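Engineer: Below is the sequence, then the predicted model.
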Amino acid sequence: MYKKGRPPLEDLSSRESHVGKCKDDAERVSRLRAVSLLVQCAQTRSLAHNSKGNCSYWVEIETTCAPQADTASIVGVRFGDNNGNHVVTRHLKNPKLVYDPKLGQRKQGAVYKGFDRCAIDMFEVQGSCMERAVCYLYLRRMGPDGWRPGWVKVLHNHGLGGADLSPVSGTFYFRTFLPENVWFGFDYCESNQPHLPQEAKDGD
């Protein structure tokens, strides 16, 4: 028995867990909105130097440390904003920068293909200039082995060799094995409500 007006301990624990989840969800949405403001400033500077509206981006991808999380499959990415600007790269290759926490060192060049366990890879892609924050992002894996990405970010490249980078997206958290040969990820363009990664509706 417990005193009137005081919930049992198990109720308090459940409520605290729910409140914690709500705070995490709210922080993700707040970060996405904050990035939107950064994008407006960054892309204004970019478009002033690029009349054709073609921009260079670096896609930063973490592969988790789970068993068999690494892959030799072909990995593609597609992302875009709410104004219809989009970038599609069907084969990410030649990582510009890799950090492997296990080895505590960086590797460069085409010898390393990317997507090792615990590694963070960066790939350069090009396409339409984002006018607003990237609100959707999908990955696609084509190959026999699985892959478990952790998170993905998109950075705008203002200078040669990635000397001047600014974020154009929030962090998209996957943390699950990708299905084969489908675009799989997130779309926050219509709603900021957090959700699990899912297959793209258009499937293009």
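Structural biologist: All right, it came through fine. Because the structure is a prediction, the values reported are computed rather than measured. Numbers count the residues shown, from 1 in each chain.

Engineer: Please count neighbours and contacts with C-alpha atoms only from this point.
Structural biologist: Will do.

Engineer: give me the low-pLDDT residue ranges for the protein?
Structural biologist: Along the chain, the parts satisfying pLDDT under 70 run over 1-52, 97-111, 160-163, 203-204.

Engineer: let's see it at 80
Structural biologist: Along the chain, the parts satisfying pLDDT under 80 run over 1-53, 96-112, 159-163, 202-204.

Engineer: could you say which helix or strand contains Val152?
Structural biologist: strand 149-157 (DSSP states H and E).

Engineer: Can you pull out the residues in contact with that strand?
Structural biologist: Strand 149-157 has contacts (Cα atoms under 8 Å, 6 or more residues apart in numbering) with 42, 55-64, 69, 134, 163-178.

Engineer: Please name the bridge partners of the closest residue to Glu60 other than its chain neighbours.
Structural biologist: Nearest non-adjacent residue to Glu60, counting by Cα to Cα, 6 or more residues apart in numbering: Met122, 4.4 Å away. Taking DSSP bridges as the rule, Met122 bridges to Glu60, Leu97.

Engineer: where do the strands sit along the protein?
Structural biologist: 54-63, 74-80, 86-89, 97-100, 105-107, 120-128, 136-142, 149-157, 165-167, 172-173, 184-187, 198-199 (DSSP state E).

Engineer: before we move on, back to that, would you mind writing the PyMOL command to select the buried ones in the contacts of strand 149-157?
Structural biologist: Remark: buried members of these, expressed as a PyMOL selection using 16 or more other Cα atoms under 10 Å:
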select buried, resi 42+55+56+57+58+59+60+61+62+63+64+69+134+165+166+167+168+169+170+171+172+173+174+175+176+177+178
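
Engineer: hmm, back to that, got the strands of the chain as TSV, with distance to Gly114 columns?
Structural biologist: Below are the strands of the chain laid out as TSV (distance: least, Cα to Cα, whole Å):
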stretch	distance to Gly114
strand 54-63	9
strand 74-80	10
strand 86-89	15
strand 97-100	8
strand 105-107	10
strand 120-128	6
strand 136-142	13
strand 149-157	12
strand 165-167	21
strand 172-173	19
strand 184-187	19
strand 198-199	23
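
Engineer: Return the distance of the nearest residue to Trp183 once chain neighbours are set aside relative to Lys153.
Structural biologist: Residue nearest to Trp183 in three dimensions, not counting chain neighbours: Arg140, with 4.7 Å by Cα to Cα, 6+ apart. As judged by Cα to Cα, to the nearest Å, Arg140 and Lys153 stand 15 Å apart.

Engineer: show me the contacts for the residue nearest to Asp81 when sequence neighbours are not counted.
Structural biologist: Nearest residue to Asp81 in three dimensions, chain neighbours excluded: Val134, at 4.5 Å (Cα to Cα, 6+ apart). Shown in contact with Val134 (Cα under 8 Å, 6+ apart): 36, 79-82, 154, 168-170.

Engineer: Of those residues, which is the nearest to Gln198?
Structural biologist: Checking these against Gln198 with Cα to Cα, the nearest one is Phe79 at 14.2 Å.

Engineer: pretty sure the closest one contacts Leu137?
Structural biologist: Yes. Taking Cα atoms under 8 Å as the definition, Phe79 is a contact partner of Leu137 at 4.2 Å.

Engineer: With neighbour numbers in mind, choose between the two.
Structural biologist: Leu137 (26 against 22; other Cα atoms under 10 Å).
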